[in-house]
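**Student:** Next comes the sequence, and after it the predicted model I'd like to discuss.
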Amino acid sequence: QKNTNPPSQLVVTSSVAAKFAVPLSASYAAAKHAIHGYFETLAVENPRLRVDLPCPGPVATNFFQKQSSLAANNKYKMKSHRCARLILSSMVLPGFGGETWIAQQPVLFFCFLHQYLPIVSTLLLRKLGPLRLAIFDAGLDLYDPSSAKKVRKQRRKVP
């Protein structure tokens, strides 16, 4: 029996946190991994269903406006209007859907690194995880590369 229903499309916003470990985001990452598992399975069970999973990295929003280390005006985060445009453009691309990584560097680099060299990225993230926690504890900007230098300098001063 031939299916005469038109193909359908679902767009579910995920995150790069579904792709690799993001320190300070365990619960969020778990939820995004679950989204990927559920909707990827739904797509393979329903060949006429296209599932798009845009995976944005850090986006400048007012969600964390009380925390200066996560402020919306951070120049290391993607502007929300740019992210929205990239999500919309990924939805109209021909094909079967799937993931679209939407991030600035160095986050985009980590997406590729984890996809193609997962052992290397995991080793690197295990070094960066404690550093990111120290940056957060110090109240510094999590996305500014100079924050890591400041934390390392503070660590050297402590006897």
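**Tutor:** Sure thing, it's come through. Residues are numbered from 1 along each chain as shown.

**Student:** Please enumerate the strands of the protein.
**Tutor:** Taking DSSP state E as the criterion, the chain carries its strands at 8-11, 49-56, 59-60, 78-79, 97-102.

**Student:** Would you enumerate the residues in contact with the residue nearest to Ala17 when sequence neighbours are not counted?
**Tutor:** When the adjacent residues along the chain are set aside, Ala17 lies closest to Ala29, with 4.4 Å between them (Cβ to Cβ, 6 or more residues apart in numbering). For glycine as for every other residue, the C-beta is placed from the backbone atoms N, C-alpha and C. Each residue near Ala29 by Cβ atoms under 8 Å, 6 or more residues apart in numbering is listed here: Ser15, Ala17, Ala18, Ala21, Val22.

**Student:** Quick check, pLDDT for Ala29.
**Tutor:** Here the pLDDT value assigned to Ala29 is 92.

**Student:** Then Ser80?
**Tutor:** With respect to pLDDT, Ser80 has a value of 92.

**Student:** Same question for Lys66.
**Tutor:** The pLDDT attached to Lys66 in the predicted structure is 56.

**Student:** returning to what we had before: between the contacts of Ala29, which is nearest Leu125?
**Tutor:** Within the set of the contacts of Ala29, Ala21 lies nearest Leu125; the separation is 5.2 Å, counting by Cβ to Cβ.

**Student:** Please tell me how far the residue nearest to the closest one when sequence neighbours are not counted sits from Pro56.
**Tutor:** In space, not counting the residues next to it along the chain, Ala21 is nearest to Leu125; the distance is 5.2 Å by Cβ to Cβ, 6+ apart. Distance, Leu125 to Pro56, by Cβ to Cβ, to the nearest Å: 19 Å.

**Student:** Nothing else from me, thank you.
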